[in-house]
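Asks: sharing a model prediction with you, sequence too.
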Amino acid sequence: MPRLERRAQPSRLMMFASPLIAAVLMLITGYILFSLMGKDPIHAFWVFFIKPLTTSYGVSEWLLKSTPLILCGVGLAIGFRARVFNIGAEGQFTMGAVAAGGVALYFYNTDAIWVLPLMMLAGVLGGMAWAAIPAFLRTRFNTNEILVTLMLVYVAQLFLGYLVQGPWRDPEGFNFPQSKMFTEAETIPVLIAGFRVNWSFIVALVLVVVSWFFTYKMFAGFRMEVSGQAPSAARYAGFSEKRNVWLALLISGGLAGFAGMAEVAGPIGQLQPTISPGYGFAAIIVAYVGRLHPLGVLLASLLLSLLYLGGDTAQMDLNLPSAITGLFQGLLLFYLLAADIFIHYRLKPDSNGSRPRLTPPPEPQGDIT
Amino acid sequence: MSSNELERERCVNTDSSSKLRRLELVGITKAYPSVIANQDVNLVVRPGEIHAVLGENGAGKSTLMKIIYGVTKPDSGAILWDNREVSIESPAQARKIGIGMVFQHFSLFDTLTVAENISLALDSVIAPNELTERIEAVSQQYGLPIDPHRLIHSMSVGERQRVEIVRCLLNNPRLLIMDEPTSVLTPQAVLILFETLRRLASEGCSILYISHKLDEIQTLCDKATILRGGRVTGTAIPHQETRESLAQMMIGRSLPECQMVPKVPAETRLRVQQLNLPTVDPFGTSLKNINLAVRSGEIVGIAGISGNGQKELMAALSGEQPMPKGATTTICGVVADRLSPGQRRNLGLRFVPEERLGRGAVPSMSLRLNALLTAGSGDGLVNSGLISYAKVHAFAGDVIAKFNVKCGGDEALASSLSGGNLQKFIVGREISLQPNVMMVAQPTWGVDVGAAQIIRQALIDLRNAGVAVLVVSEELEELFMICDRIAVMADGRLSPAIPASETSVEKVGLWMSGAFDEATVLEVQHA
């Protein structure tokens, strides 16, 4: 029986192959699930993955839905590289939308060209402010940012719910819990008339390049990576741990906030109790499937966005529940984590037939923390 | 071995009940993906024998011991225990048949206490109170004082080793494997350890003693098996050999010597006055009234067992631990009390920490990026926040070439290097950054003879070039080899630094146990 043996060096091939293997395994499992539910798997796959992209409107929707994933994913990837685990992008997304929406409603009748840039700024600052809470608590009281960021998601969502059902409710909205529709000056212009994909997609692409530059070319990015991988080495080199935590949370929070702004000032056009189908959480999957690399994040966002679209068409065409999207997301992450073990380990055929086990590395070094 | 010889061996062995061979390895081979650690190794250990396994770092000693202890399985070959072939599947099984091991890299859980760590390794449940008593009894009996209730993370390397030894002794082993045990002990403590080991041996326990220190092996061991590059290059009876002949077998040539000519030191470059630093760690050592000056063109050594405040002093000097008010530290004449590690580095203070992986280098990063770790602020490797990879590549390549770092190029991960090679890289990196003041903690800990000599010579060259060098080391032999002046650290206090020519190993050893007071200090100052 083959057993796992530690590789001398992590495999670069596996690092890139692992997301593909995960995607294939996701499809195989999907095939079995569709079969068990009595659907023709091939047809289901076609409905799920191909049909959404058969029309130009579908492609526009695909890019539109990938935009918040790219924005959140790029920010999270920078944080995760520095081992700062912001899993509350969903909350920062919401607060970005709230801040931008507040600006839009305050300057409702202004109709000036500076309102939209101001909303963008407000979106970024709103996300940053929400992420600043865990950053402060972590640097001051050493609280766990995973818990704090996650819990703040629900606070942000309830806060948005309060606003749209109370002070910011549209007086002429037939008592629906939603704000007034934003004016045209408060909406991000679309790229092509007749399609919903807008300029925020282009901004997201630019930010992919910027984040690549930051991570690989700038000393600040290097400092963050060292802080994440070896905190003692960072202290020895004189890189501040506090700055690392603040930077990681502010960058990821700011980008998530911008994504929230782009959502309410884009396809939604107003504030509602629910403004995201879980983009902030899906972005965690995006970041890891994308190997925490900006380009990978872009590709992973396109894949996850397709899952959202496919989930919608599957609901309509195949009468499947909306949970199908979450199911596929979960499968993808599950298989990815499983496949990732082969980055550091490899299978070694064992002639003795002994039970499989993990052999320790040649020289165990460093502390277990 | 002929039957006659076998017969003689039987007669020599006075204990008639014991078997002729406690442990025998036959043709052990173990290959890792990147290296063959052991090739066709044969080894015989008799009951009550102290058997040295001699070899440089990377010669395959540690792997061989891990095979015996069941941590690693050999690819081929056989292990015979009491003349019966056994397959040792796990350390638990090894302990069960009577093998104990004290690792070079300790296997202790940082967040647990001494007693908890020991109880985890005992394979049987003992009531905590009884265990505490037994730990205290064994530590008393063998002169290894430890507090069973202390947490491991607060202990020094030397203290952790005591825990490891006591843990093994509680299992009443019949074969005890000691991996480089003396590197963390005072000369007096080494003698006590040797007494402990000899007593154990006389009680019939076999000892496998892994070391690259020829003196120790010659004083302690009955027999030696010498490894080089994973193969056995010979067996010897150490006290019948000379240092040269042993070195020849171990490194393939004779031992290199350090060249050091007298030099008159110039201006003071690093000065600390009245540094009192209460420890942040409840089990750490508080620094008490530290005064120290290192001048241009001299090497000042700080001797002492680790855990006496060296770690805290170095962290305070490097800036990793913020300095308290009241202390005055100057680096090249600039008051540095409030400066961060980066700012101190800009003043020319370079530091090689004790922990190489995780502090001196990032394990998961390439050597190239590790060069950037401290070189980032100078040498034009970073311009306006942008990394110049071409220059980083050139810099790393330069360090690798100049200090003969054995690695697969500057893309190799820091964790893939042996301890000695990584240390050469880190020392080389800091030296290449033109220090004004160089601080090195444990420069040759776990480093092979050849590499140690390169590192020591590099420090002497720095001194000759006018750099102020501060070395913290537990190896007295090393300090006497390279230091102009030696100070001793004990319980957070630092003795005055006195010229190495005016002191002796015995005196320093005495001071290491804290036996310097105001009177001695005054006496030395007026001498």
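Replies: Perfect, thanks for sending it.
Asks: how about the helices of the stretch 151-300 of chain B, start to end?
Replies: B:157-169, B:187-202, B:214-220, B:243-251 (DSSP state H, counting those that start in this stretch).
Asks: now distance to residue A:256 and mean pLDDT too, for the ones you listed, in CSV please.
Replies: Every residue, glycine included, has its C-beta placed from N, CA and C. Below are the helices of the stretch 151-300 of chain B laid out as CSV (distance: least, CB to CB, whole Å; pLDDT from 0 to 100):
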stretch, distance to residue A:256, mean pLDDT
helix B:157-169, 44, 81
helix B:187-202, 57, 82
helix B:214-220, 60, 87
helix B:243-251, 58, 82
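Asks: tell me the most buried of these?
Replies: The highest mean neighbour count among the helices of the stretch 151-300 of chain B, using mean count of other CB atoms under 10 Å in any protein chain shown, belongs to helix B:157-169: a mean of 23.
Asks: nearest residue to the middle of the chain?
Replies: Looking at chain A here, since you left the chain open. By CA atoms, centre = their mean, chain A has its centre lying nearest to residue A:283, at 1.3 Å.
Asks: actually chain B
Replies: Note: chain B centre (CA atoms, centre = their mean) maps to residue B:445, 3.4 Å.
Asks: ok so, going back, now distance to residue A:248 too, for the helices of the stretch 151-300 of chain B, in JSON lines please.
Replies: Formatted as JSON lines, the helices of the stretch 151-300 of chain B follow (distance: least, CB to CB, whole Å):
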{"stretch": "helix B:157-169", "distance to residue A:248": "33"}
{"stretch": "helix B:187-202", "distance to residue A:248": "46"}
{"stretch": "helix B:214-220", "distance to residue A:248": "49"}
{"stretch": "helix B:243-251", "distance to residue A:248": "47"}
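Asks: which one of the ones you listed lies nearest to chain A?
Replies: In terms of CB to the nearest CB, the element of the helices of the stretch 151-300 of chain B nearest to chain A is helix B:157-169, at 11.5 Å.
Asks: okay, the angle between the closest one and helix B:187-202?
Replies: Relative orientation of helix B:157-169 and helix B:187-202, computed by axes from the mean of the first three to the mean of the last three CA atoms, to 10 degrees: 10 degrees.
Asks: ok, is helix B:157-169 in contact with chain A or not?
Replies: No: contact of helix B:157-169 with chain A is not found when judged by CB under 8 Å from any CB of the partner chain; the minimum separation is 11.5 Å.
Asks: return the distance of stretch A:11-28 from the chain's centre.
Replies: With CA atoms, centre = their mean, to the nearest Å as the basis, stretch A:11-28 stands 19 Å off its chain's centre.
Asks: returning to that earlier point: now do the residue nearest to the centre of chain B, the pLDDT please.
Replies: As predicted, residue B:445 sits at a pLDDT of 78.
Asks: picking that back up, which residues does the residue nearest to the centre of chain A contact?
Replies: A:68, A:69, A:72, A:73, A:76, A:89, A:256, A:301 (CB atoms under 8 Å, 6 or more residues apart in numbering or on different chains).
Asks: cool, and residue B:479?
Replies: Contacts of residue B:479 by CB under 8 Å, 6+ apart are B:301, B:303, B:471, B:473, B:486, B:500, B:508.
Asks: now chain A against chain B: closest residue?
Replies: Closest approach of chain A to chain B (CB to the nearest CB) occurs at residue A:238, with a separation of 3.2 Å.
Asks: what sits against that residue?
Replies: B:319, B:340, B:341, B:342, B:343, B:344, B:345 are the contacts of residue A:238 under CB under 8 Å, 6+ apart.
Asks: with residue B:57 instead?
Replies: B:212, B:418, B:419, B:420, B:446, B:447, B:448, B:451.
Asks: am I right that it sits in a helix?
Replies: No: checked against DSSP: H, G, I helix; E, B strand; the rest coil, residue B:57 lies outside a helix; its state is coil.
Asks: relative to residue B:480, how far out is the nearest residue to residue B:57 once chain neighbours are set aside?
Replies: Nearest non-adjacent residue to residue B:57, counting by CB to CB, 6 or more residues apart in numbering or on different chains: residue B:448, 4.0 Å away. From residue B:448 over to residue B:480 the distance is 20 Å, taken as CB to CB, to the nearest Å.
Asks: now residue B:408
Replies: 37 Å.
Asks: tell me which of the two has more neighbours.
Replies: Each of residue B:408 and residue B:480 has its neighbours counted (other CB atoms under 10 Å in any protein chain shown); residue B:480 has more, 17 against 13.
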